[in-house]
Every structure is written in C-alpha cells, then in structure tokens.
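1. quick one, structure for this:
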Amino acid sequence: MFHGTITKELTSHEEWSHYNANIIEDQKDFVFVKFSGLHLKSMENLQFCISLRVCIFSNNFITDIHALQNCIKLVKLDLHGNQVKILPDTKFWSGLKNLKLLYLHDNGFAKLKNVCMLSACQSLIALTMFDCPVSLIKGYRHVLVNSIWTLKALDHHVISDEEIIQNWHLPERFKMYNQRLFFNFSPALKKNIIYSEF
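-> Below is the predicted model of the structure:
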C-alpha cells in the first residue's frame, strides 16, 4: 500500500534514484540545449549542465535565471520572449567569462541600473534588449554602450563611435542606426541543423 503520492514512492525507489543519478551525470556533458516555446517556468534542471555552450530558452515563462550560474562555459544565451524582470548581480555575470552573445529582447526589464549589471560580463560582444521597457528610456543605448565596453552590437546595429564619444558628429554613413551598420546576429535557425554546423 502506498503512503503518500505515487510519484514520491517511485522516486524513493532504489532503481529510480540510480536513474536520476545517471540523468544528472549525462547533463554534465550537454553542450547545446534548445527549449523554445514550451511554456517552461523554470531553468532549474540546467544547473548540472556545466559543459553547456549554447542555451536557447526563448519564448517561455522564465522569471529567474540563477540556475545558469554553474554554466560557466556558455558562449550564447538566448532568453528572448520570457518574463525576466530582474537580472542577477555582477558576481553571476563575471562568472560567465566566455559569454559573447546574449539575447534578452521581449522581456520585462524596466530599470537601467539593473541592466548595467551586464558590464561584469567580460566577453560580451552582442546584446539584444529591444521590446523591453528599458529600451524606451532616453539615452538607454548610450548608457549601455558606455557601461559594457566589450559590446560591438546592440539591438541589431553595430555600435558607432558617435555613440561612445558624446557630442561627436560623424558623416551620415557612420551615425547611430544607419542602415549600413545594421547586423542581424540572431537569424532564425534552419530546420534539421546540427550543433557542428551551428
């Protein structure tokens, strides 16, 4: 006779705990995960993915990304279309030493001070924050560009020198948001693509 829930009885069984241990061991070797549009609310299971390099968790219901603090080998992180409102502190971002591409657009960030935590990310070269409340703040681009010094592109445009140096007026072709400086660094993935082609 079961005392409590069936799930509790099954997971406390010796064979099941061995199965769980094997899953956790396998997760240590994951280098690529894609969980898009699955209505997920948590990233908790990713805490064991210590070899993870590419993480695509777009269009879900994620509010907290602290589970990624052990994923120190991340190069690309796509969290667009979630419900994240607050970013972790500088300690979290300084641990992601290899992170180069970060897609955070279409989230709920409203405070520029919180977004500036990304300045601790030492290798970040491309960032998306459009369609977030923070992107409507006057001077948002100027503040981010001058906070995250490694940044080369923000919201699909290469950062111009005019944005970095205040009151410097350049010819039209080098101005902020010029079509020549447009760069789509988050193109849609093709179907049936494998990690080695990525």
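
2. roughly how far does the residue nearest to residue 34 when sequence neighbours are not counted sit from residue 27?
-> Closest residue to residue 34 in three dimensions, ignoring its sequence neighbours and counting by CB to CB, 6 or more residues apart in numbering: residue 56, at 4.2 Å. All C-beta spots, glycine's among them, are computed from the backbone N, C-alpha and C. With distances defined as CB to CB, to the nearest Å, the gap from residue 56 to residue 27 amounts to 16 Å.

3. from residue 160, how far out is residue 152?
-> Residue 152 sits at a distance of 11 Å from residue 160 (criterion: CB to CB).

4. which of those two has more neighbours?
-> Set side by side, residue 152 and residue 160 show more neighbours around residue 160, with 19 against 15, by other CB atoms under 10 Å.

5. surely residue 150 touches residue 126?
-> No: contact criterion CB atoms under 8 Å: residue 150 and residue 126 do not qualify, at 9.9 Å.

6. the two - which one has more neighbours?
-> Neighbours were tallied for residue 150 and for residue 126 using other CB under 10 Å; the higher tally belongs to residue 126 (21 against 14).

7. so, low pLDDT: which residues of this protein?
-> Residues of the chain that meet the criterion pLDDT under 70 lie in 1-26, 161-198.

8. ranges for the helices of it?
-> Across the chain, reading from the start of the chain, the helices by DSSP state H fall at 6-12, 14-27, 90-95, 112-115, 140-147, 161-164.

9. how long is stretch 102-116 end to end?
-> According to CA to CA, to the nearest Å, stretch 102-116 extends 14 Å from its N-terminal end residue to its C-terminal end residue.

10. in that stretch, which residues are buried?
-> Judged by neighbour count using 16 or more other CB atoms under 10 Å, the buried positions of stretch 102-116 are 102, 103, 104, 105, 106, 107, 109, 115, 116.

11. hang on, isn't residue 58 packed against residue 84?
-> No: with contacts counted by CB under 8 Å, residue 58 stays clear of residue 84, the gap being 11.4 Å.

12. show the contacting residues for the residue nearest to residue 90 when sequence neighbours are not counted.
-> Leaving out its chain neighbours, the residue that sits closest to residue 90 by CB to CB, 6+ apart is residue 120, at 3.7 Å. Residues in contact with residue 120 (CB atoms under 8 Å, 6 or more residues apart in numbering) are 90, 91, 92, 93, 94.
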